[in-house]
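[1] Give the three-dimensional model of this entry:
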Amino acid sequence: MEVAYTILAAQGLLGAWDNLWNHEYKVGLAHRAGARRELVLHALRAALYVPMFLVFAWLDLTGWFAVAFVGLLVSEIAITLLDFIEEDRTRTLPANERVLHTILAINFGALLSVLGPELWMSIQKSSAVVAMDRGLWSWLFSVYAIGAAAWSVRDAVAALRNHLPDLATWQRRQLAVRRCGQPKVVLVAGGTGFVGRHLCWRLIENGHRVIVLAREQAKAVDLFGPYALPITDLKEIRPTQRVDVIANLAGEPIAGWWWTAWRKALLVESRVGMTRLLLNWAERRSVRPAVLVNASAVGWYGARGDEALDESAQGGEDFPARLCRAWEREAMAGGHIGMRVVTLRLGLVLGNGGLLARLLPTFRLGLGAPFGRGNQWMPWIHIDDAVDIFMLALQDIRLSGQVNAVAPQPVTNRQFSQLLAHAVHRPVWPAIPAVVLRAMLGELATLFVDGQRVLPAKLISIGHGFRHPVLSSAFSDLIGREGRITSLRTVTGRG
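    Alright, predicted model coming up:
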């Protein structure tokens, strides 16, 4: 039975990873409209694993009790198959989630093949339930049972709260489209991302025509419905189709995983490669787009202490700086084919997604804390202001080259933490030492313990006004103290 225990232990770990990484972090399933049936299936499956783990931990079943346990295993298979069908019906699974599900299915099959002979012998015996102490395995599977029970309750509650299962995001958004005297056709790469979707919604509401280049067409359809043309390949755009502007926000999330060599290559290719692809496509067209607005980031400046940085400042040498430099260099090549190019160096964008939405639950639990010494600067910007700047760059010929897309009043990480804690009426804890973060995250920790004091000099010089120049105003607006948005939720994939 040691082999069966080992396989079941692996199954528990893989299942926990699937829940935490794919369902919670990547998809935000508990907050995703239309996910009620999937959540119900997940709750039922987790509930089945509770007695399964407890049996392996403390009991030996024979006779009809063993038959009942076989029924439990068969029920798990049936629910898993229904879950596969439901996932294929409602969302496009990324490759890593499909691979993990395949491994889980193979692992469970291996468990059944090992258990089969043992269960058959147990069924032949008289019906009985015998208490067993299997040492460390008993305690490990007891912990698994507690975790499965907690997750089952959590998914069940989320399913009950998921009260709009039949409405797509664009329907719940209630887009109010205005007429535009001179509508532009805008190709948005990365339009289903956090900033990209808000830009597309604004373009649509302002009467422009939007083409969304995305990896998942179903996701784009959910977000924009009939108001945008979703494509997964530039070849889908007809040669005669006019495209006036390209907005490029495509790129893998920089804080999504440790910066291994493979991850760094993916981050570079998802940005530089996509930009090169867009420019090669634009160059081949008989009538080329006039403008390229390309996303970048304040990481271009590297870790700079208290130095005030405008667009003329030199760049840094760490990985984020080199990544942004390569990205911007590729984008600026658009100038050679007659395009006006604007690269927007975005700070931390605050809205109903991104890093803030992941920080907020921790702060609401009263566990928020600064990172490192807390004196590193955090250039930030409200999502509405970020979209305003994108819209300005699309249309205003005064903007070209590099533009710092940040609020005019940067704050330190300690000030950020204190203001966020105050906004949710919670205390703030002492800082998490930088050495701990670097040990846990490696080079990725630079995003949290290093900073740069970036100022929007170009935007100020042309008289651009910010809706939320002060961080307390941004938090008040987003968290709902002014009544516009009542909560921040991670809605990756929907909402």
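[2] Can I get the host helix or strand of residue 7 in CSV, CA atoms only?
    Residue 7 belongs to helix 2-17 when assigned by DSSP states H and E. The C-alpha atoms that make up helix 2-17 are tabulated as CSV, following Å, rounded to 0.1, in the frame of the first residue of the first chain:
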residue,chain,number,x,y,z
GLU,A,2,3.0,2.3,0.3
VAL,A,3,2.8,2.8,-3.5
ALA,A,4,-0.9,3.8,-3.3
TYR,A,5,-0.1,6.2,-0.4
THR,A,6,2.6,7.9,-2.4
ILE,A,7,0.4,8.2,-5.5
LEU,A,8,-2.4,9.7,-3.4
ALA,A,9,0.0,12.1,-1.7
ALA,A,10,1.1,13.3,-5.2
GLN,A,11,-2.5,13.6,-6.3
GLY,A,12,-3.3,15.8,-3.3
LEU,A,13,-0.3,18.1,-4.0
LEU,A,14,-1.1,18.3,-7.8
GLY,A,15,-4.8,19.1,-7.0
ALA,A,16,-3.8,21.8,-4.6
TRP,A,17,-1.5,23.3,-7.2
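[3] Run through the neighbouring helices and strands of that helix.
    helix 36-58, helix 95-124, helix 136-161 (3 or more C-beta pairs under 8 Å, 6 or more residues apart in numbering; DSSP states H and E). For the C-beta atoms, the positions are set from N, CA and C on the backbone; glycine is no exception.
[4] Residues contacting that helix, please?
    Helix 2-17 is contacted by residues 49, 53, 56, 100, 103-104, 107-108, 110-111, 114-115, 118, 134, 137, 140-141, 144, 147-148 when judged by C-beta atoms under 8 Å, 6 or more residues apart in numbering.
[5] Selecting buried members of those in ChimeraX, what would you type?
    Buried subset of the contacts of helix 2-17, written as a ChimeraX selection, criterion 16 or more other C-beta atoms under 10 Å:
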select :49,53,56,100,104,108,111,114,115,134,137,140,141,144,147,148
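[6] before we move on, the earlier item: centre of the chain versus the helix holding residue 7, how much separation?
    Its chain's C-alpha centre and that of helix 2-17 lie 27 Å apart, by C-alpha atoms, centre = their mean, to the nearest Å.
[7] Give me the three-state assignment for the residue of the chain most remote from its centre.
    For the chain, the C-alpha farthest from the mean C-alpha position belongs to residue 126; by C-alpha atoms, centre = their mean, that distance is 52.8 Å. Recorded secondary structure, residue 126: coil (DSSP: H, G, I helix; E, B strand; the rest coil).
[8] Use 3 as the first number for this chain going forward.
    Happy to do that; since the first residue is 3 now, the last one works out to residue 128.
[9] Run a quick check on it versus residue 65, I expect a contact.
    Yes. Between residue 128 and residue 65 there is a contact at 5.3 Å, judged by C-beta atoms under 8 Å.
[10] Switch the helices and strands packed on helix 4-19 over to a markdown table; also include mean pLDDT and distance to residue 278.
    Converted to a markdown table, the helices and strands packed on helix 4-19 look like this (pLDDT from 0 to 100; distance: least, C-beta to C-beta, whole Å):
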| stretch | mean pLDDT | distance to residue 278 |
| --- | --- | --- |
| helix 38-60 | 93 | 37 |
| helix 97-126 | 90 | 23 |
| helix 138-163 | 92 | 41 |
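[11] phi, psi of the residue farthest from the centre of the chain?
    The phi/psi pair for residue 128 (degrees, to the nearest 10) reads phi -70, psi 150.
[12] on that earlier part again, just name the most buried of the helices and strands packed on helix 4-19.
    Per residue and on average, the most neighbours among the helices and strands packed on helix 4-19 fall to helix 38-60, with a mean of 21 (mean count of other C-beta atoms under 10 Å).
[13] Over to residue 214. Which of the three states is it?
    strand.
[14] gap between stretch 104-118 and the chain center?
    For stretch 104-118 - counting by C-alpha atoms, centre = their mean - the centre lies 31 Å from the chain centre.
[15] Over to stretch 294-314?
    The answer for stretch 294-314 is 23 Å, by C-alpha atoms, centre = their mean.
[16] And stretch 133-145, by the same measure?
    Centroid separation for stretch 133-145 versus its chain: 37 Å, with C-alpha atoms, centre = their mean.
[17] Next: stretch 348-367.
    11 Å.
[18] And stretch 255-271, by the same measure?
    On C-alpha atoms, centre = their mean, the centre of stretch 255-271 falls 14 Å from the chain's centre.
[19] next one: stretch 13-29
    Worked out by C-alpha atoms, centre = their mean, stretch 13-29 lies 14 Å from the chain centre.
[20] Which positions within that stretch qualify as buried?
    For stretch 13-29, by 16+ other C-beta under 10 Å, it's 13-14, 16-17, 20-21, 24-26, 28-29.
[21] got it, and stretch 323-343?
    Applying 16+ other C-beta under 10 Å to stretch 323-343 flags 323-327, 329-330, 332-336, 339, 341-343 as buried.
[22] how distant is it from the center of its chain?
    That offset, for stretch 323-343, works out to 26 Å (C-alpha atoms, centre = their mean).
[23] just stretch 141-149 next, same as before
    Worked out by C-alpha atoms, centre = their mean, stretch 141-149 lies 29 Å from the chain centre.
[24] got it, and stretch 70-81?
    34 Å.
[25] again with stretch 331-345
    Worked out by C-alpha atoms, centre = their mean, stretch 331-345 lies 29 Å from the chain centre.
[26] Run through who's touching it.
    248, 250, 274, 277-278, 281, 284-285, 290-298, 329-330, 395, 399, 401-405.
[27] How about stretch 366-373?
    Here stretch 366-373 has contacts from 361, 364, 415-416, 418-419, 422-423, 426, 428-434, 436, 439, 450-451, using C-beta under 8 Å, 6+ apart.
[28] Start and end of it, how far apart?
    17 Å (C-alpha to C-alpha, to the nearest Å).
[29] now that stretch: mean pLDDT?
    Confidence for stretch 366-373, expressed as mean pLDDT, is 89.
[30] and if you look at stretch 279-299?
    In this model, stretch 279-299 has a mean pLDDT of 95.
[31] Thanks a lot, see you next time.
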